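Enquirer: Predicted structure and sequence below. I'll ask about it afterward.
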There are 4 protein chains.
Amino acid sequence: MPLLPSKARLAHVVFESDDRASKTFDIVLLVLILGSVAVTILDSVREIRATYGTLFWFLEWGVTILFTIEYLMRIWLSRNKKGYVFSFYGLVDLLATIPAYLSLFIVNTQYLIVIRSLRLLRVIRILKLGRYVSEADFLTQALYASKAKIQLFVGSVLSIVLIMGTVMYIVEGPESGYTSIPMAMYWAIVTLTTVGFGDITPLTPFGKFLASVIMLLGYAIIAVPTGIVTSELTAAKYKNVSPIRKTCPTCDLKDHDRDAAYCKFCGSELERIL
Amino acid sequence: MPLLPSKARLAHVVFESDDRASKTFDIVLLVLILGSVAVTILDSVREIRATYGTLFWFLEWGVTILFTIEYLMRIWLSRNKKGYVFSFYGLVDLLATIPAYLSLFIVNTQYLIVIRSLRLLRVIRILKLGRYVSEADFLTQALYASKAKIQLFVGSVLSIVLIMGTVMYIVEGPESGYTSIPMAMYWAIVTLTTVGFGDITPLTPFGKFLASVIMLLGYAIIAVPTGIVTSELTAAKYKNVSPIRKTCPTCDLKDHDRDAAYCKFCGSELERIL
Amino acid sequence: MPLLPSKARLAHVVFESDDRASKTFDIVLLVLILGSVAVTILDSVREIRATYGTLFWFLEWGVTILFTIEYLMRIWLSRNKKGYVFSFYGLVDLLATIPAYLSLFIVNTQYLIVIRSLRLLRVIRILKLGRYVSEADFLTQALYASKAKIQLFVGSVLSIVLIMGTVMYIVEGPESGYTSIPMAMYWAIVTLTTVGFGDITPLTPFGKFLASVIMLLGYAIIAVPTGIVTSELTAAKYKNVSPIRKTCPTCDLKDHDRDAAYCKFCGSELERIL
Amino acid sequence: MPLLPSKARLAHVVFESDDRASKTFDIVLLVLILGSVAVTILDSVREIRATYGTLFWFLEWGVTILFTIEYLMRIWLSRNKKGYVFSFYGLVDLLATIPAYLSLFIVNTQYLIVIRSLRLLRVIRILKLGRYVSEADFLTQALYASKAKIQLFVGSVLSIVLIMGTVMYIVEGPESGYTSIPMAMYWAIVTLTTVGFGDITPLTPFGKFLASVIMLLGYAIIAVPTGIVTSELTAAKYKNVSPIRKTCPTCDLKDHDRDAAYCKFCGSELERIL
C-alpha cells in the first residue's frame, strides 16, 4: 500500500475538482489566498502592525513556503511545463511566492515606496482565484462581441473630455484651479463620470454653465455603454437557440430560428427535432 | 350570539386580507408600524425630543403593548407555533416588542451607543411591512436567476478595488491621506461607485491619472450589473413561460404563451397542466 | 368680408395646429412662455436686476396682460368651460397670469420669501409647454405599466436608507455630524444615490466600512429601475405586433404573435393578411 | 519610370485605405494628429513648458507645415473642391493649420485668454480622427431613431431642474449659497446628475429633505435614457431588418432575416431586391 500518493494521484488532486481530496485542496488554497491578502491589508495599518507585526511576519513566511511548494508542484506535475511557467497563472503563481524572498534583499527600509510596492505584489495573489471562475466566459464573450462599439465609445468620451477640458481651461483658468489642460481634463473626467470630488469647481458663471452641460452629457451618455452591453446580453439570451440546433442537411447552415421549418438559405426542409 | 369573535374568526382576520375586518386589521397594523418608526425618527432630533419627548414616551409604550398583544395573538392563532416563532417574521415581530422593555433594564443613560442602538431596534419594525408585498417575487426571481453572474461581478469589483487601492496607496501614500491599504480601498470604492465625497483626493499628477482611469472604469462597468438584471427581466417578460411548459402533441411546438390553449402552428389542442 | 375672425375661426387657431395661423399662434405662445421664464431667471440675479430691472418690470406686465387675454379667450372659446377651468392646464394657465396682480397687493417687500415665491409662480409657466408634447404617451405608458414594481423599489430603497442611516447614526454619532436619524438618513441618500456632497463623511473605520457597503449597494441597485424601465420599453417595441393585427374570427382575440397561423385560445385558423 | 507619383496615384493614397501606401499615409497622419494634440496638452503645463518649450515650438511649426501641405493637397486632389472646403472635415483641416500662423499676428502675450484659445484650436485637430471611424453609423442611427424621446427627456429634465432649483432658491436662499435662480439651477443639475461637488449644500432641514427628493429622482430617472437607447439597440440587433422587407410570395411571411433567400415557413424562394 502506498504511503505517499502517486504522481498521477497528486496531479488529479491539484488540477481537478471532482472528488473530496481535490475539493479540499481547492478550499485550502482559497483560504490561503484570501488569508494572505487579508494579512497584507491589515499589515498596512500602523496601529494593527504595531500589535500584530510579528505574527504577520510568521504568517507571511508560512504562506510563502506553502505557495512555493504549490508552484514547484504545479511545474513538476504539468505535462507542458514551459506552457505553464509562461502562462498568465504561471506568472501570477510565481509573483505570489517572491515578496518575502525579495524583502530579504531589501535591507534599507528607508524607501517606503519599495516596501509599499512589495505589498502590492502580495495583493496580486488575489488573481490566483481566477482559476475557479467559469461564469466569466459568458460575460467576456458579450464584452468581446461589442469590442468595436466600446472602443468607439471610449474614444468619443476621451475626445469630449479633451475639448471640454480645454474650454474650461480657457474660461476658468489657473485662478480657479484649472492650472493646465491635463488638470482641466482631470476635472472634466471627475465631472463627466459624475464622481464630483469638489477639489476643483468652476467659479465663473459661464464656467458653471459649461459644467452643467458636461454634467447633463455625462448623465445621458452613461446610457450608451449600458445599452451596448445589455443588448448583447439580451440578444445572446434570446437568440432563439434550442439546445439541439437544427443543421440544414443540404447547405450545413446552423443558424436557424427555433420555429423555422425550412432553411432560409437553400430552401431545404429542416429535420424535425422531437 | 357570540360577544367575542371565535378563534377561527380571529385567525382569519389576522392572517387573511379578503374581507373588511381583515383589511381593517392590516391597515391598523400598517399605521402602527409607520407611526412608531416615525416617532423613533423624530425622537432622535434633539429639538423635537425636547418638546415632544413625553408624548413620544407614551406613544412608544402604547405601541409596545399593542405589538405585544399582536405577537402573542399570532403565536396563539398559529397552527405551527414553533415554525412561526423561529421564522423571519416571527423574529421581527419579537424584536418589535422588546425595545421599551429593554429600556426598563438600562438605567444608566450614559452609554449613548446603547440608547442609539435601542432606536435601531425600534426602526427594525419597518421589516414587518414585508408581509404585504407580493410583487417582490418577480424581481427576486430575476435577481436569483442571475446569482452566479452577480457574484462574479461583485468579486471582480472587489479585486479591482483591492489592486487599484493598493496602487494609489503606493503612489500617493499617507501624506495625501492614503494612510493604509484599507483607507486606499475606501477611497477606491468612493471613486469607482462615482460617489466622490472629496474627503480624500489624489494630489500627485500620476495619482490623478490613475484616478481618472478608475473613474472611467467605474463609469463603464455600471453597465454590467444593469445589463445582467435587464436581460433577465426582459427575457422573463417576453417568454411568458409557465414553470411547466406545455408541448404540442401534434407538432411538438414548445414555444407557447402561458395562457395558450391551442398550438399556434398547427391548431391542435394543448394538454391541460393541472 | 369679416374684419375680425369669427368665433369658430379663433377657436381653430387656438386649439388646433394644422394651418399657418394656428401654428403661428403656437409659436408666439411658445416664445412668450420661454421668454417670461427667462426673464424671471435673470431677474433673480442681483447684478442683472440692477441694470435691467425696469425693463423686466415692463416685460412682466406685458406678458401678464397677454396671458390674461389668452386665458379669458380659452374660457370663452371652450365648449366645456367648467371642464377647462378645473383641468390641469386650466389651473396652470390661471397661475401663469396672477403673479403680477399678486405683487400689487404685497406692498411690504421685507418678506423675501414671498418675493421669491412669486418667482416660483412665474416659473411654473413652463408647464404650459406640456400641451405641445405628444411623445410623452409612450414613455408614460411604460412607466405606468411598471407602477407596482417601481413602488416596490422605492419602498425598498427607503427601508434600506432608514436602517443603514440608523446604523451609521449609532456607529458615528453626532460627533461626526450624524446628529439625528433624519440627518443620518439624508447622508445615506446622498451616498446611496452616489451624489456624495461630502458635507458629512464617516470618520470611524467601521463607519467607512459600512459606507463602502452602502456605496456598492447603491452602485448595483441602480440596475433595478433601469432594468424595469428598459424591459418595459423593449417589450412594447418588440411585442411582435404588425401594423395590421390579425383578429380571430371565432373568439375575437387580437393578441397573436405575428407568426401565428392558428388562434391560441380556440384553435381556429387565423385569416391571412395579404 | 515616374519619379513622382501621378495625380491619380496620390489621390488613391490620400483618400483610400486598401494598399500599403494609403495605409501608411493614414498611420502617419494619425501619429501627427495624436502627437500634435499631446504636445499642446503638455505645453499647457508650466513646468513642462519651461523645460521643453523650444522643442514644442519646433514641433508645432513642423506639424503646421505638414498639415498645410496635407490641406492644400486634399484641395488639389478633390474632384469637388468647393464641396470639400466647406464640408465639416474641410473646416477642421483648415482650423488645424492656422494656430501657428495666427500666433504670428498676436504679438502682445498679455491676453492669456487668447493664448489659451489658440491651444483649443490646436486641440480641435482631434476631430480629424473622425474620418477613420465607421462603427459610428450603427450607434448614430440608434440615437437618431429615438430623437423625439430624447428631446422629450431633455426638456423634462430641464423643467424639473428649473422648478426644483427655484424651490430650493426660495427655501434656502442666498444665505446658504443659493444666491439666484441660475445658481440654484446649477446646484440642482449638480445634484440631479449625482455629481455632487459639495460647493453648495442645503443647510436647512426642509432643504435637505427637498434635496433628498431630487437625489432619489435623479437616481431613478437615469433609467429613462438608458431604457430608450438600450431598447433601440436591442430592437435593431434582433430585427436584422433590411430597409426593403422581402415578402414571401407563397405564404406571405414578412419576418425574414436580411440574409434569407428562402421563406422559413414554406420554403419558397424569396424575391431578390436589387
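Expert: Alright, I've got the coordinates.

Enquirer: how many neighbours does the residue in the stretch 1-150 of chain A that chain C sits nearest to have?
Expert: Here the residue of the stretch 1-150 of chain A nearest chain C is A:V45; by C-beta to the nearest C-beta that distance is 8.6 Å. In this view, the C-beta of every residue, glycine as well, is placed from N, C-alpha and C. The tally of other residues near A:V45 (other C-beta atoms under 10 Å in any protein chain shown) stands at 17.

Enquirer: how much space between it and C:L32?
Expert: Separation of A:V45 from C:L32 (C-beta to C-beta, to the nearest Å): 64 Å.

Enquirer: do A:R49 as well
Expert: For A:R49, the distance to C:L32 equals 70 Å [C-beta to C-beta].

Enquirer: okay, the two: which has more neighbours?
Expert: Neighbours per residue (other C-beta under 10 Å) separate A:R49 from C:L32, with C:L32 holding more: 18 against 15.

Enquirer: wouldn't the more buried one be in contact with C:V63 here?
Expert: Yes - here C:L32 lies in contact with C:V63, judged by C-beta atoms under 8 Å, at a distance of 6.0 Å.

Enquirer: Please report phi then psi for the residue of the stretch 1-150 of chain A closest to chain C.
Expert: Main-chain dihedrals, A:V45, degrees, to the nearest 10: phi -90, psi 120.

Enquirer: Skip the chain neighbours and tell me the closest residue to it.
Expert: Distances taken as C-beta to C-beta, 6 or more residues apart in numbering or on different chains place B:S180 nearest to A:V45, at 4.2 Å, with adjacent residues excluded.

Enquirer: For D:S212, see how far away the one you found is.
Expert: Relative to D:S212, and taking C-beta to C-beta, B:S180 is found at 33 Å.

Enquirer: can you list the residues of the stretch 51-200 of chain A near chain C?
Expert: A:194-198 (C-beta under 8 Å from any C-beta of the partner chain).

Enquirer: can I get these in a markdown table with neighbour count, secondary structure and pLDDT?
Expert: Output for these, formatted as a markdown table (neighbours: other C-beta atoms under 10 Å in any protein chain shown; DSSP: H, G, I helix; E, B strand; the rest coil; pLDDT from 0 to 100):
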| residue | neighbour count | secondary structure | pLDDT |
| --- | --- | --- | --- |
| A:T194 | 27 | coil | 89 |
| A:V195 | 31 | coil | 91 |
| A:G196 | 31 | coil | 88 |
| A:F197 | 28 | coil | 91 |
| A:G198 | 23 | coil | 89 |
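
Enquirer: out of those, who's nearest chain C?
Expert: Looking at these and their distance to chain C, the nearest is A:G198, at 5.8 Å (C-beta to the nearest C-beta).

Enquirer: I figured that closest one hits D:F197, correct?
Expert: Yes - between A:G198 and D:F197 there is a contact under C-beta under 8 Å: 4.3 Å.

Enquirer: where do the contact lists of these two overlap?
Expert: In terms of C-beta atoms under 8 Å, 6 or more residues apart in numbering or on different chains, A:G198 and D:F197 are both contacted by the residues B:198, C:197.

Enquirer: Okay, buried residues for stretch A:156-167 please.
Expert: Within stretch A:156-167, the residues scored as buried using 16 or more other C-beta atoms under 10 Å in any protein chain shown are A:156-157, A:159-167.

Enquirer: Low-confidence bits of chain A, can you list those?
Expert: A:1-3, A:107-116, A:132-143, A:236-274 (pLDDT under 70).

Enquirer: From chain B, how far off is A:Y178?
Expert: Going from A:Y178 to chain B by C-beta to the nearest C-beta, to the nearest Å gives 13 Å.

Enquirer: before we move on, what about A:L42?
Expert: Going from A:L42 to chain B by C-beta to the nearest C-beta gives 8 Å.

Enquirer: Am I right that that residue sits in a strand?
Expert: No - A:L42 sits outside any strand when classified using DSSP: H, G, I helix; E, B strand; the rest coil, being helix.

Enquirer: That one against A:Y52, yeah?
Expert: Yes - in this structure, A:L42 is within contact of A:Y52 by C-beta under 8 Å, at 7.2 Å.

Enquirer: returning to that earlier point: now, which of the residues of the stretch 51-200 of chain A next to chain C lie close to chain B?
Expert: Counting by C-beta under 8 Å from any C-beta, A:194-198 from those sit close to chain B.

Enquirer: picking that back up, B:M185 versus the residue of the stretch 1-150 of chain A closest to chain C, what's the distance?
Expert: For A:V45 relative to B:M185 (C-beta to C-beta), the value is 11 Å.

Enquirer: Also A:L4?
Expert: Relative to B:M185, A:L4 is positioned 42 Å away (C-beta to C-beta).

Enquirer: The two: who's more crowded?
Expert: Taking other C-beta under 10 Å, A:L4 and B:M185 do not tie; B:M185 has more neighbours (25 against 7).

Enquirer: Now name the helix or strand holding the more buried one.
Expert: Using DSSP states H and E, B:M185 maps to helix B:181-192.

Enquirer: So whichever helix or strand comes after that helix, near chain A or not?
Expert: Following helix B:181-192 in sequence order, the next helix or strand is helix B:205-221 (DSSP H and E). Yes - shown here: helix B:205-221 in contact with chain A (C-beta under 8 Å from any C-beta) through B:205, B:208-209, B:211-212, B:215-216, B:218-220.

Enquirer: which helices and strands sit right next to the helix or strand following helix B:205-221?
Expert: On the C-terminal side of helix B:205-221, the closest following helix or strand by DSSP H and E is helix B:223-239. Packing partners of helix B:223-239 (3 or more C-beta pairs under 8 Å, 6 or more residues apart in numbering or on different chains; DSSP states H and E): helix A:223-237, helix B:136-145, helix B:147-171, helix C:223-237, helix D:223-239.

Enquirer: got the angle between the longest one and helix B:223-239?
Expert: So the one you mean is helix B:147-171. On the basis of axes from the mean of the first three to the mean of the last three C-alpha atoms, to 10 degrees, helix B:147-171 is oriented at 170 degrees to helix B:223-239.

Enquirer: cool, and the first one?
Expert: Using the same axes, to 10 degrees, one finds that helix A:223-237 and helix B:223-239 are set 50 degrees apart in direction.
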